[in-house]
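**Student:** 3D model of this:
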Amino acid sequence: MKKFTLVLLMLLLVVACGPATPREDNAVEGDDSADTAVPTVVIEGGEAVTDAVPPSRPIPEYDEADLITTESGLQYVILEEGDGEIAQTGDTMLTDYTGWLTDGTMFDSSIDRGTPFPVSVGTGSVIDGWDEALSILPEGTRALLIIPPDIAYGANGSGTIPPDSTLIFEVDLIEMQPIQRPTEVAESDYIETESGLKYYDIEEGSGALPADRDEVVVEFVGWFDNGGLLGSSADNGAPLVFQLGADQMFPGLEEGVSTMNVGGKRQLIIPAALAEGIGGVAPDGFLTFEVELVEAREVPPPTAVDEADYTVLESGVKIYDIEEGTGATPQEGDLVNLEYVLWLADGSKIDSSESRGTPLSFPFGVGQMPLLALEEGIADMKAGGTRQIVIPAEQGAQAGLPADQDTIFEVYLVPPE
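**Tutor:** Next up, the predicted model:
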């Protein structure tokens with residue numbers, strides 16, 4: 001049950017998510033949908049005119065004497081020299097580009113899509129030739145890249161790019177967006193624990209140490225060992241909120257936070273063995289986290305309800321109105337918004353809308369809620385009401401909740417605006 005983001009319901013409720021983040025390698029690493037030109041639709045006199053083939057442009061002319069060749073075989077010509085910063089690993093470089101085969105066939109262009117292409121530099125999100133070029137050319141540069149197959153798509157090719165193709169790109173490095181980087185710490189200043197975790201207190205807190213089973217509120221930034229940004233509470237729009245000792249967080253972060261005083265800031269170096277559940281960590285790799293312990297508090301239990309006071313639905317779901325609402329009940333297709341807290345029957349709090357920083361939202365009654373028992377439990381609720389819903393373990397398990405015990409929701413049905 002270790003969940004890095006602690007949004008158990010977000011794993012269940014893809015309907016509640018915003019738009020997916022595009023793959024950073026779509027345009028350059030050969031996703032078939034990116035290699036196929038996207039038709040441009042223009043409305044003219046009320047009729048849709050589709051231009052399925054983007055305008056082709058020739059490869060810019062250059063003097064071969066100006067070619068610079070690197071050890072990898074990458075060749076480049078500076079067409080317009082930039083005077084900005086050179087990106088470091090993990091920085092994002094916004095680029096415009098056009099790509100050709102050596103016979104002059106243009107296979108892709110961000111210019112035709114009208115959207116600059118963001119690249120996380122040095123993190124393997126694009127082909128090796130691009131990664132190398134963006135790590136040596138400064139912001140503001142416009143360059144022509146000639147990328148041999150072994151640092152492009154190799155013997156396999158990709159989409160419309162044939163095997164063993166040398167690729168030519170005109171690339172404009174529009175803007176460099178640096179990531180936040182870890183505080184520099186001398187190796188001798190770290191304290192290493194028996195588990196292999198290393199930590200350094202950037203600022204010691206003046207509050208209390210959290211107790212076992214306390215719920216902690218943590219602001220964080222995390223990096224992979226190659227310098228790429230793993231994520232942050234600022235990006236998530238909410239701090240991490242999890243219960244110590246309840247197996248809700250991967251071991252290195254839980255251990256590192258458990259010995260902090262409230263108000264403290266700490267850097268953690270977490271070996272792969274203590275980063276269970278985090279993808280992208282090599283067995284001999286590590287994560288760097290900087291965390292601030294904002295609050296530690298006792299976990300509030302669910303509202304105590306006498307068994308006789310529950311209404312038991314035909315499915316076995318039990319409901320109890322803590323406070324009845326005065327608004328309308330959800331109708332099929334209505335977008336419902338729930339503020340909620342979720343506990344296991346043993347009293348462990350495992351998720352809440354507070355920890356996600358947003359209510360749980362889904363269209364009612366149209367089959368997009370994987371946890372059918374929750375939808376059933378709010379079916380006759382009135383907006384503005386608060387209800388406890390007890391979901392039998394076997395029903396929760398069908399949607400990915402723990403199978404060994406019941407789950408308890410307390411939900412507030414937010415009135416529509």
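**Student:** low-scoring stretches of the stretch 51-200 of the chain, by residue?
**Tutor:** 51-55 (pLDDT under 70).
**Student:** next, Arg252: secondary structure please.
**Tutor:** Quick fix: residue 252 reads Gly, not Arg. helix (DSSP: H, G, I helix; E, B strand; the rest coil).
**Student:** these two touch, right, it and Thr288?
**Tutor:** No. The pair Gly252 / Thr288 is not scored as a contact, 10.6 Å apart, by Cβ atoms under 8 Å. To be clear about C-beta, it is placed using only N, CA and C from the backbone, and glycine gets the same treatment.
**Student:** state the distance from Leu372 to Glu394.
**Tutor:** 12 Å (Cβ to Cβ, to the nearest Å).
**Student:** ranges for the strands of the stretch 1-150 of the chain?
**Tutor:** With strands called from DSSP state E, counting those that start in this stretch, the stretch 1-150 of the chain shows them at 40-44, 47-51, 68-69, 75-80, 92-101, 106-109, 117-120, 142-147.
**Student:** which outside residues touch the third one?
**Tutor:** Judged by Cβ atoms under 8 Å, 6 or more residues apart in numbering, the contacts made with strand 68-69 from elsewhere in the structure are Gln75, Tyr76, Val77, Ile78.
**Student:** closest to Asp150 out of the residues you listed?
**Tutor:** Nearest to Asp150 among the contacts of strand 68-69: Gln75, at 13.1 Å, using Cβ to Cβ.
**Student:** okay, the closest one and Asp66: tell me how far apart.
**Tutor:** Distance from Gln75 to Asp66, by Cβ to Cβ: 10 Å.
**Student:** those two: who's more crowded?
**Tutor:** Neighbour tally, Gln75 and Asp66, criterion other Cβ atoms under 10 Å: the higher count belongs to Gln75, 19 against 11.
**Student:** quick one: that one and Glu132, what's the gap?
**Tutor:** Gln75 sits at a distance of 11 Å from Glu132 (criterion: Cβ to Cβ).
**Student:** ok, Gly279 next?
**Tutor:** Distance from Gly279 to Glu132, by Cβ to Cβ: 25 Å.
**Student:** try Ala373
**Tutor:** Applying Cβ to Cβ to Ala373 and Glu132 gives a distance of 53 Å.
**Student:** where along the chain do the helices fall?
**Tutor:** Here the chain has its helices, by DSSP state H, at 8-12, 32-35, 110-113, 128-134, 233-236, 251-258, 353-356, 372-377, 393-397.
**Student:** out of these, indicate the one that is most buried.
**Tutor:** helix 128-134 (a mean of 24; mean count of other Cβ atoms under 10 Å).
**Student:** what's next to that one, contact-wise?
**Tutor:** Outside helix 128-134, the residues that reach it (Cβ under 8 Å, 6+ apart) are 28, 70, 72, 74, 76, 87, 93, 95, 119, 121-126, 143, 145, 147-148, 151-152, 167, 169, 171, 173.
**Student:** try 6 Å this time
**Tutor:** Residues from elsewhere that reach helix 128-134 (Cβ atoms under 6 Å, 6 or more residues apart in numbering): Val28, Ser72, Leu74, Ala87, Met93, Val119, Val121, Gly122, Leu145, Ile147, Ile151, Ala152.
**Student:** where's the last one relative to Phe107, distance?
**Tutor:** Between Ala152 and Phe107 the computed distance is 12 Å (Cβ to Cβ).
**Student:** for the two, indicate the residue with more neighbours.
**Tutor:** Neighbour count, other Cβ under 10 Å: between Ala152 and Phe107, Ala152 has more, with 27 against 19.
**Student:** so the more buried one is in contact with Phe169, correct?
**Tutor:** No. Counting by Cβ atoms under 6 Å, Ala152 does not reach Phe169; the two are 9.7 Å apart.
**Student:** now do the closest residue to Glu375 other than its chain neighbours, the pLDDT please.
**Tutor:** Counting by Cβ to Cβ, 6 or more residues apart in numbering, Met369 is the residue found nearest to Glu375 once chain neighbours are left out, at 4.5 Å. Looking at Met369, its pLDDT reads 92.
**Student:** cool, and Glu44?
**Tutor:** 28.
**Student:** and the spatially closest residue to Gly129 that is not a sequence neighbour, how close does it get to Trp130?
**Tutor:** Spatially, and ignoring its direct neighbours in sequence, Gly129 is nearest to Ile147 (3.4 Å; Cβ to Cβ, 6+ apart). According to Cβ to Cβ, Ile147 and Trp130 sit 7 Å apart.
**Student:** domains of this structure?
**Tutor:** 54-177, 181-297, 307-413 (automatic domain parsing).
**Student:** residue nearest the centroid of the chain?
**Tutor:** Gly231 (6.8 Å; Cα atoms, centre = their mean).
**Student:** now it: closest residue in space, sequence neighbours ignored.
**Tutor:** Counting by Cβ to Cβ, 6+ apart, Gly231 lies nearest to Gly222, which is 5.6 Å off, once chain neighbours are set aside.
**Student:** give me the number of residues near that neighbour?
**Tutor:** So Gly222, with other Cβ under 10 Å, has 22 neighbours.
**Student:** before we move on, what about Pro58?
**Tutor:** Neighbours of Pro58 using other Cβ under 10 Å come to 9.
**Student:** no further queries at this time; thank you.
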